[in-house]
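In: From the sequence below, what's the structure:
(one chain, ligands or ions: 1)
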Amino acid sequence: MGGCRTNCPEKISLLDRPREECGVFGIYAPGHDVAQLSYYGLYALQHRGQESAGIAVADGTKIQLYKGMGLVPEVFSGNQLQSLPGFAAIGHVRYSTTGASHPVNAQPLLFRYSGGMLGLAHNGNITNVTELRSQLLTNGSVFQSSTDSEVIVNIIARSAQNNLMDGLIKSMIDVRGSYSLVIITENQLLAMRDPHGFRPLCLGTLGDGGYVVASESCALDTVGATFLRDVQPGEIVVIDKNGLESIQMFKPRHRSHCIFEYIYFARPDSKIDGFNVYKVRQEMGRVLAAEYPVDADIVISVPDSGTTAARGFAEAAGIPFEEGLMKNRYIGRTFIQPTQDMRELGVRLKLNPVREVLNGKRVVMVDDSIVRGTTSNKLVNMLRDCGVREVHMCLSSPPITNSCYYGIDTSNKKELIAAQKSLDEIRRSIGADGLHYLSLEGLLGIFGETRNNFCTACFDGHYPVEVPQPRDTGKYSLE
Ligand code: AMP
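Out: Got it, this is the predicted structure:
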């Protein structure tokens, strides 16, 4: 799990589709150990990416970077943090999926341009990356990685000359798709969120002139920062010795916050765009119970992602909540295993049923989502082996029928069970007695008058920003 200073150049295929489901963290705090605080911040964001981690620190004259493959404590297992002194820093954790799992794609990226040094960390997916990359290649840019993020860096560097803001503005005009960015120069911290606000990004204060920016507010809590507000869609925030300046570049276009952050991706203790994730999940469970009245003995969850909704369901339905499945805390997310066989074994490694809780019962099992159907099928079989009489599978999301192009790995459409099968076929294929997905209407109703502020493309195919073709496979190449 070794790390490296600078960019670890190794051979990569540009055909690898980069997946940018990540966590970003930024801090400007003279007088604090910013590398150490970034480490804690990234630790809090570890659920957003387990493939690689990195921290870049600015000290007024230069930026130093350390990054590597693995979990945050694996990458920073030695005394690397001590050799990163400075007063501003950015950090990144990258999501692990098949393909493009390569040290060269680890972030932050570090570059030198005409105005000095620049470090950048990105969460999101650029939808016009193919077009932008070929324009840049024609104009003489060179690329070291297959990440979208390097395209942004190139646009910034080419347009910045001696004024970084020009570069950021140009990149916001040219780049389409999702991006929550943290950037450092030798003496500034900057944050920028795309005009639709797909991916989360929030701002906090340390109270003594120090500021923190993070993908999720749980990272602010961890480093002792107080939540100020979300970075607005289309906003650029600049933090330096003069304090904080906000430039609202674009009026927020049609807001398209990713609704899947609330369903699965974010931590329940985070507050994103005005809504606490825990409260939203609890409400999802309550709505689910109202939509699917069922006679059952117990409600169980698929831990951890289904637990909050399961509790909401149990409370609303008046059915006791039980811990029917135990999770091995030392296993990561099974979804990320590269082959189907490994994925299936992964479910068994991760979750084990408690026979004494389940035997002879009619069970409602709540999970956040079904993607390929592997997890649900394995779990239903496990429950049957424990003598469960009925299994009702309830999902706190509508059926996922479309690929995501804005930064969540919902896999390609051919693999999405709900894109290929009817409700009853899915029920039969996972082996459940009953199956209910939260309705889109029920889900959006939770957000009240802001119900139109979300991207729901994975459920209804309405893509707020044009997506790469061919749309039906969910795969595109960088060539
Ligand atoms: P599957 O077995 O393919 O149906 O995947 C469903 C499981 O994967 C559920 O338990 C979800 O919690 C989890 N999941 C859903 N979406 C994602 C994602 N984008 N990345 C990782 N895991 C996911």
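In: My read is that M117 contacts Q64, right?
Out: No - proximity of M117 to Q64 does not meet the contact threshold set by CB atoms under 8 Å, at 9.7 Å. Bear in mind the C-beta positions are built from the backbone N, C-alpha and C, glycine included.
In: Of the two, give the one with the bigger neighbour count.
Out: Remark: of M117 and Q64, Q64 carries more neighbours, 21 against 18, as counted by other CB atoms under 10 Å.
In: who does whatever helix or strand that one lives in touch, helix- and strand-wise?
Out: Using DSSP states H and E, Q64 maps to strand 63-69. Contact here means 3 or more CB pairs under 8 Å, 6 or more residues apart in numbering; DSSP states H and E; on that basis strand 63-69 packs against strand 3-5, strand 52-58, helix 72-75, strand 116-123.
In: what's the angle between it and strand 116-123?
Out: For strand 63-69 against strand 116-123, the angle by axes from the mean of the first three to the mean of the last three CA atoms, to 10 degrees is 30 degrees.
In: Could you point out the helix or strand that follows the lowest-mean-pLDDT helix or strand in the chain?
Out: Least confident helix or strand, the chain: strand 3-5 with a mean of 50, by mean pLDDT, DSSP states H and E. Using DSSP H and E, the helix or strand that directly follows strand 3-5 along the chain is strand 22-28.
In: and that following strand, anywhere near the ligand?
Out: No - counting by CB under 6 Å from any ligand atom, the ligand has no neighbours in strand 22-28; the shortest distance is 12.4 Å.
In: what angle separates that strand from strand 52-58?
Out: Computed by the same axes, to 10 degrees, the angle separating strand 22-28 from strand 52-58 equals 20 degrees.
In: then strand 22-28 to CSV, C-alphas only?
Out: The C-alpha coordinates for strand 22-28 follow below in CSV (Å, rounded to 0.1, in the frame of the first residue of the first chain):
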residue,chain,number,x,y,z
CYS,A,22,-14.7,10.4,-4.1
GLY,A,23,-14.4,12.5,-1.0
VAL,A,24,-12.6,15.8,-0.9
PHE,A,25,-11.3,17.9,2.0
GLY,A,26,-9.7,21.3,2.1
ILE,A,27,-8.3,23.4,5.0
TYR,A,28,-6.9,26.9,5.4
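In: Check which helices and strands it sits against.
Out: With contacts taken as 3+ CB pairs under 8 Å, 6+ apart, strand 22-28 sits against helix 34-44, strand 88-94, strand 116-123, strand 180-184, strand 189-193, strand 211-214.
In: partners of it, with directions?
Out: The pairing partners recorded for strand 22-28 under DSSP bridges are strand 88-94 (antiparallel), strand 211-214 (antiparallel).
In: Give me the distance from it to the chain's centre.
Out: In terms of CA atoms, centre = their mean, to the nearest Å, the centre of strand 22-28 is found 13 Å from the chain centre.
In: Just the buried residues of the lengthiest helix in the chain, please?
Out: Longest helix of the chain, by residue count under DSSP state H: helix 277-291. For helix 277-291, the neighbour count (16 or more other CB atoms under 10 Å) marks V277, Y278, V280, R281, Q282, E283, M284, G285, R286, V287, L288, A289 as buried.
In: Summarise which helices and strands the helix or strand following it is packed against.
Out: Downstream of helix 277-291, the first helix or strand assigned by DSSP H and E is strand 298-301. In terms of contacts (3+ CB pairs under 8 Å, 6+ apart), strand 298-301 is packed against helix 307-317, helix 355-358, strand 362-367.
In: Of all the residues in the second one, which ones are buried?
Out: Using 16+ other CB under 10 Å as the burial criterion, the residues of helix 355-358 that qualify are V357, L358.
In: going forward can the numbers begin at 412, since that is how I track them
Out: Got it, the first residue is 412 from now on, which makes the last one we talked about helix 766-769.
In: Give me the residues contacting that helix.
Out: Helix 766-769 has contacts (CB atoms under 8 Å, 6 or more residues apart in numbering) with I709, I711, E733, E734, G735, L794, C797, G798, V799.
In: just these now: which is nearest the ligand?
Out: Checking the contacts of helix 766-769 against the ligand by CB to the nearest ligand atom gives I711 as the nearest, at 13.3 Å.
In: So the closest residue to the closest one other than its chain neighbours versus E672, what's the distance?
Out: Closest residue to I711 apart from its sequence neighbours, by CB to CB, 6 or more residues apart in numbering: G735 at 3.4 Å. As judged by CB to CB, to the nearest Å, G735 and E672 stand 27 Å apart.
In: show me the contacts for V777.
Out: Counting by CB under 8 Å, 6+ apart, V777 has contacts 696, 699, 710-713, 717, 720-721, 724, 805-807.
In: cool, and N687?
Out: Counting by CB under 8 Å, 6+ apart, N687 touches P679, D680, S681.
In: Using TSV, please lay out the residues you listed together with pLDDT and secondary structure.
Out: Listed next are the contacts of N687 as TSV, based on pLDDT from 0 to 100; DSSP: H, G, I helix; E, B strand; the rest coil:
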residue	pLDDT	secondary structure
P679	98	coil
D680	98	coil
S681	98	coil
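In: Got a quick PyMOL command for the buried subset of those residues?
Out: Burial among these is assessed by 16+ other CB under 10 Å; the matching PyMOL selection reads:
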select buried, resi 679+681
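In: ok, the contacts of N687 vs L849, which is closest?
Out: The closest of the contacts of N687 to L849 turns out to be P679 (CB to CB; 16.6 Å).
In: any idea how far the closest one lies from Y673?
Out: Going from P679 to Y673 by CB to CB gives 9 Å.
In: hey, what's in contact with both of those two?
Out: V688, R692.
In: ok so, going back, what about the residue nearest to I711, how many neighbours?
Out: Going by other CB under 10 Å, the residues that sit close to G735 add up to 27.
In: Contact partners for it?
Out: For G735, the contact set (CB under 8 Å, 6+ apart) comprises I709, I711, P764, V765, V768, L769, V774, M776, L794.
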